[in-house]
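Novice: Task: produce atomic coordinates for the following.
(2 chains)
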Number of protein chains: 2
Amino acid sequence: VTSWLVNGQRDGHLSPADRGLAYGDGLFETIALRAGRLRFLDYHFDRLVAGCKRLGIPAPDCSQLTRELEASRQDCRDGTAKIIITRGLGPRGYRPPEVVAPTRLVSVTAADSSAAQAWSSGIRVRLCTTSLSENSALAGMKTLNRLEQVMARAEWRTPDIAEGLMMTEAGHVVCGTQSNLFLVRHGTLLTPPVDRCGVSGVMRRVILEEACRLGIAVQTPVVTVAALAMATELFVSNSLQGIGPIVRWNDESRATGELTRSLMAALVQRGVQECAGD
Amino acid sequence: VTSWLVNGQRDGHLSPADRGLAYGDGLFETIALRAGRLRFLDYHFDRLVAGCKRLGIPAPDCSQLTRELEASRQDCRDGTAKIIITRGLGPRGYRPPEVVAPTRLVSVTAADSSAAQAWSSGIRVRLCTTSLSENSALAGMKTLNRLEQVMARAEWRTPDIAEGLMMTEAGHVVCGTQSNLFLVRHGTLLTPPVDRCGVSGVMRRVILEEACRLGIAVQTPVVTVAALAMATELFVSNSLQGIGPIVRWNDESRATGELTRSLMAALVQRGVQECAGD
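Specialist: Numbers count the residues shown, from 1 in each chain, chains lettered A, B, ... in the order given. Model prediction:
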């Protein structure tokens, strides 16, 4: 059972009139807690604050959020922290209230041991039939409107498939249900743009930084299913699990590629990846 | 202040872990309460139950919902009832739990007098720049993912504009932020399809039924801004306000058209419209 701080109140509850529930009018962050540290908390705050600005929600006080996260984790050293910021209460109707008092929710869930490291050794993925809709007004943000991801994740139950890739109706592969996507072709690292849909992942940002530091060429082209087949390396990434090399795709086995391994090694240096592709 | 029944509990609160908040994983209905009656409650239930089926959420017990709505309204005879059904609690992550225990929220808000009748005498609308994204997996349902409508409604504050029309990125005008759209051209009633985005409105259904009864030809073509300019009559509709004739569009005044008036008269017969275009 996870306990929540709601506007700083322990075991607080949410008003059923909150716009976060009514309209998904808000944002969230999911942060890895590892060895007592909240990983890339500053990057999560960057994205959260930028998203609030785009939605017209007053940005949260990040030092207050940090204190509440620390208070929530208590003795917990490994797990998942979550922040939700909503536009708070308001009168009926879509129109945002003139004066917004955001609702701030914070929780920490202890890790369920095995799952955290499962991606490093390679994962199997599938292609989802639920498509991603495109809207540049919302693209890149981790909004509370996530029904497409729920529908996509509901498509399979077999535990050997770790992730499902999602396409736009135009056939552009953008991301996984809970991850960003990377390809390697001719020594170049490719990742789909997230300016029309998808989330601008914190781990994606870290990986792009590391690629830059390692002198790896990076491009952000539109990616089709055909491009996936032609890629020499494929991996997904997210904040909780770092890099997940795709070792099984379309009933075809792949080894974890060389460039993927060097990026995983770089993540080990930054304290992310628990083991580099073994 | 509106009171809520949460799973039958008066003044209940919502768990911050509810998937309705986390992902917008649920549906809602907004129902007109007029002279003590919940208008078209059966149609609202039709849509709610069909939506639950599509999302894989166990359908609510509609007689239980009816009892809870009646209990919530107490002495209130005019206002707005709201039902929210979510996929309930679940472990972290998009994947729906194996066993779903939906959360059921019911409220009634007393009418704020003036607003309810404001549409009958004609309204001014604008075109929103926030676009509607297309996804046939979600189209037609009144899901809790409504951030596009919030962003669109935040575009204007002038009280003389009652509604904003929304387009897809392809330039198809589909609906208002909180209404469906109708056009008349060459004596035919046109309304955009809602199979790729938009909500299958209860009042839209009633209007299409009345058009059929009156022998008015109906089509559901894709509608562009150019088609709006060529229409001889324009109106929007929703459950709370019936038909709202568009009398001001693009700085051009229009009278309420003849076909619109006959549909408004038909709605008066069905107890919807308070006054027919006067």
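
Novice: which residue packs closest to the residue in the stretch 151-278 of chain A that chain B sits nearest to, ignoring adjacent ones?
Specialist: Of all residues in the stretch 151-278 of chain A, the one sitting closest to chain B is A:R153 (3.9 Å; Cβ to the nearest Cβ). Any C-beta I mention is one placed from the backbone N, CA and C, and that applies to glycine too. Nearest in space to A:R153, with sequence neighbours left out and distances taken as Cβ to Cβ, 6 or more residues apart in numbering or on different chains, is B:Y94 at 3.9 Å.

Novice: Tell me who's in contact with that neighbour.
Specialist: A:R146, A:Q149, A:V150, A:A152, A:R153, A:T177, A:Q178, B:Y23 (Cβ atoms under 8 Å, 6 or more residues apart in numbering or on different chains).

Novice: Show me which residues of the stretch 151-278 of chain A are close to chain B?
Specialist: A:M151, A:A152, A:R153, A:A154, A:E169, A:T177, A:Q178, A:C197 (Cβ under 8 Å from any Cβ of the partner chain).

Novice: So the last one sits against A:N135, correct?
Specialist: Yes. Counting by Cβ atoms under 8 Å, A:C197 touches A:N135, with 7.0 Å between them.

Novice: And the two? Which one has more around it.
Specialist: Between A:C197 and A:N135, A:C197 has the larger neighbour count (other Cβ atoms under 10 Å in any protein chain shown), namely 24 against 21.

Novice: Need the three-state assignment for the more buried one.
Specialist: For A:C197, the secondary-structure state derived from DSSP: H, G, I helix; E, B strand; the rest coil is coil.

Novice: Contacts only, for it.
Specialist: By Cβ under 8 Å, 6+ apart, the contact list for A:C197 reads A:L132, A:S133, A:E134, A:N135, A:A139, A:T168, A:V174, B:S133.

Novice: residues in contact with A:A71?
Specialist: With Cβ under 8 Å, 6+ apart, A:A71 has these contacts: A:L5.

Novice: and it, that one's in a helix?
Specialist: Yes. Counting by three-state DSSP, one finds A:A71 located in a helix.

Novice: Which pLDDT value goes with it?
Specialist: Per-residue pLDDT puts A:A71 at 95.

Novice: what's the distance between it and chain B?
Specialist: A:A71 sits 15 Å away from chain B, going by Cβ to the nearest Cβ, to the nearest Å.

Novice: now for the lengthiest helix in chain A, which elements pack on it?
Specialist: Secondary structure of chain A read by DSSP state H shows that its longest helix is helix A:41-55. Applying 3 or more Cβ pairs under 8 Å, 6 or more residues apart in numbering or on different chains; DSSP states H and E, one finds that helix A:41-55 makes contact with strand A:26-34, helix A:62-73, strand A:79-86, helix A:202-213.

Novice: In JSON lines: these, plus distance to B:A35.
Specialist: Shown next, in JSON lines, are the helices and strands packed on helix A:41-55 (distance: least, Cβ to Cβ, whole Å):
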{"stretch": "strand A:26-34", "distance to B:A35": "37"}
{"stretch": "helix A:62-73", "distance to B:A35": "48"}
{"stretch": "strand A:79-86", "distance to B:A35": "35"}
{"stretch": "helix A:202-213", "distance to B:A35": "54"}
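
Novice: Could you list which residues are in contact with the spatially closest residue to A:R10 that is not a sequence neighbour?
Specialist: Spatial nearest neighbour of A:R10, excluding adjacent residues (Cβ to Cβ, 6+ apart): A:S3 at 6.6 Å. Going by Cβ under 8 Å, 6+ apart, A:S3 touches A:R10, A:D11, A:S72, A:S107.

Novice: what residue ranges in the stretch 151-278 of chain A score low on pLDDT?
Specialist: Residues of the stretch 151-278 of chain A that meet the criterion pLDDT under 70 lie in A:274-278.

Novice: which residues in it form helices?
Specialist: A:202-213, A:225-230, A:258-269 (DSSP state H, counting those that start in this stretch).

Novice: export the ones you listed to JSON lines and tack on mean neighbour count?
Specialist: Putting the helices of the stretch 151-278 of chain A into JSON lines (neighbours: other Cβ atoms under 10 Å in any protein chain shown) gives the following:
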{"stretch": "helix A:202-213", "mean neighbour count": "19"}
{"stretch": "helix A:225-230", "mean neighbour count": "13"}
{"stretch": "helix A:258-269", "mean neighbour count": "19"}
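
Novice: Nearest to B:V236 among these would be which one?
Specialist: Nearest of those to B:V236, taken as Cβ to Cβ: helix A:225-230 at 40.0 Å.

Novice: I'd like to know which elements that closest one is packed against.
Specialist: Contacts defined by 3+ Cβ pairs under 8 Å, 6+ apart place helix A:225-230 against strand A:173-176, strand A:179-185.

Novice: switch to 10 Å and redo it
Specialist: Where contact means 3 or more Cβ pairs under 10 Å, 6 or more residues apart in numbering or on different chains; DSSP states H and E, helix A:225-230 is packed against strand A:123-127, strand A:161-167, strand A:173-176, strand A:179-185, strand A:242-249.

Novice: Give the pairing partners of the last one; include direction for each.
Specialist: Strand pairing for strand A:242-249, using DSSP bridges, gives strand A:123-127 (parallel), strand A:233-238 (antiparallel), strand A:252-253 (antiparallel).

Novice: what's the most buried one of the ones you listed?
Specialist: strand A:233-238 (a mean of 26; mean count of other Cβ atoms under 10 Å in any protein chain shown).

Novice: Which of the helices of the stretch 151-278 of chain A sits closest to B:A227?
Specialist: That would be, of the helices of the stretch 151-278 of chain A and by Cβ to Cβ, helix A:225-230, which comes in at 35.2 Å.

Novice: what sits up against that closest one?
Specialist: The contact list for helix A:225-230 (Cβ atoms under 10 Å, 6 or more residues apart in numbering or on different chains) reads A:125, A:127, A:165, A:167, A:171-173, A:181, A:183, A:185-186, A:190, A:192, A:221, A:224, A:234, A:246, A:249-250, A:252.
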